[in-house]
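Sequence plus the predicted model coming up.
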Amino acid sequence: MTQPGTNRHEDDAPLSANRRTPNPSPKSRVLSFVGEIFITLGVVLGLFIVWQNWWTDVANEKVVKQERSAVLDDWGATMGPDGIIGPPQPIVVSPTTQPRAVGATGSAITKPHAHRGAAVVVGGPQFAQTHSNATPVFLTMQDPIAMAAKSLLPQGRLPVPKPTKHVANKPTSRKPSTSARAKKVQTIGFMYAPALRKQRLWATPIVQGTSERALARGVGHYAGSAAFGGIGNAAVAGHRTTHGAPFRHIDSFKRGDHVIVRVRDKWFVYVLDRSKIVRPKEHWVLRARPIKSNSGRLLTLTTCHPLHSAARRFVWWGHLVRTLPASGPAPAELKMKR
Amino acid sequence: MYRWIWRKLPGPWALRALLCAAAAAVVVIVLFTQVFPAIEPWINQPSLP
């Protein structure tokens, strides 16, 4: 800026649109341009903070609502006013659709839809008809012992290992699978934590994978970790802050608290055993047996620590205590007070 | 820069202010819906927040 008073053309400046400002010198023009760029960048950074800490929560709430109703439609289930999802609609298998299911079994080995074939074998033909959102992942392990043995091996890069076939993340038989659909984040279930119900860890969508896109929608099931209710360690990641922050209050959990997972056909009740704060690269926390436990069916919750930082990871481990069919009453643990 | 934009905008003061507000709103919407989601992974360094 030029000094006020040095360059006054206020009275004889018909060229200047703004009479209050003197004609700046080229140097001051450059300076004020650079200054304005910096101010703009500062404002944009401020907006980013607003976006990250406020808008992502707003957007998440909206997305979660949509996702819940879409998945519930798909399951043919309804959600009570308490947020507890009711039984799924029984699926009627017509004689015309059954052979197709058997056909899927036949081609299960070569196709990426192998999990569906396995589901047919274990769960009966009706599962082949279900939407992939609803594919009962717990029924899809082809060889539990082999899977368990495989996941016992030390894996340096556990968070993103090769996709394993027991993880149901493929699109559906109902609509043709396009690449756009295949990329879509799949909701495989919902998580309930009675101890954190007031903090809204309640009917939180569990999505497949732990990409940014996935975690913006709910808590993410680590690709390659065990299926819920399955042998091994079903590991889940969630945001501590931003994007709905499902695990914000993970430090309020106490040993013995329940974490309940609902997939289409089952309720899985886990009880929490142990927590630990680790470094981000400590992938051992996701292994099949990260803690001593008599149960081979574990659950791991991971999130960032401390709040508003990603320097550490807060981890909770639990084990499966019971499995209930979703067609029956919801587990009593949902209503339990701590 | 902003002074230049202000000078280029047509109309009386009120219309210019309105146009500026509209432009700012468009910028904020584009930032919130396109730019920030795209750069977020790049800003939170580890992949697991």
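Nice, thanks for sending it over.

low-scoring pLDDT stretches of the stretch 201-338 of chain A, where are they?
A:338 (pLDDT under 70).

run the last query once more with 80
Scanning the stretch 201-338 of chain A for pLDDT under 80 picks out A:337-338.

Near chain B, which residues of it are found?
A:210-212, A:215-216, A:237, A:239-242, A:280, A:302-304, A:310, A:313 (C-beta under 8 Å from any C-beta of the partner chain). For every residue, glycine as well, the C-beta is placed using N, CA and C.

Counting only helices, which of the residues you listed make the cut?
A:212, A:215 (DSSP state H).

For B:Pro12, state which of the residues of the stretch 201-338 of chain A next to chain B is nearest.
A:Thr242 (42.4 Å; C-beta to C-beta).

Grab the nearest non-local neighbour of the closest one.
Distances taken as C-beta to C-beta, 6 or more residues apart in numbering or on different chains place A:Thr56 nearest to A:Thr242, at 4.6 Å, with adjacent residues excluded.

Mind pulling up the pLDDT for that neighbour?
Listed pLDDT for A:Thr56 reads 91.

what's the neighbour count on A:Leu47?
In terms of burial, A:Leu47 registers 17 neighbours under the definition other C-beta atoms under 10 Å in any protein chain shown.

and residue 27, how many residues sit next to it?
Assuming you mean chain A. A:Lys27: 9 neighbours (other C-beta under 10 Å).

nope, chain B
Other residues lying near B:Val27 total 15 when counted by other C-beta under 10 Å.

Quick check: it vs chain A, distance?
Using C-beta to the nearest C-beta, to the nearest Å, B:Val27 is found at 9 Å from chain A.

what's the answer for B:Phe32, then?
For B:Phe32, the distance to chain A - C-beta to the nearest C-beta - is 5 Å.

Over to that residue: give its phi and psi.
phi -70, psi -40 (degrees, to the nearest 10).

Could you measure from the nearest residue to A:Gly220 once chain neighbours are set aside over to A:Ile39?
Ranked by C-beta to C-beta, 6+ apart and with sequence neighbours excluded, the top spatial neighbour of A:Gly220 is A:Thr210, at 3.9 Å. Noted for A:Thr210: a distance of 37 Å to A:Ile39, by C-beta to C-beta, to the nearest Å.
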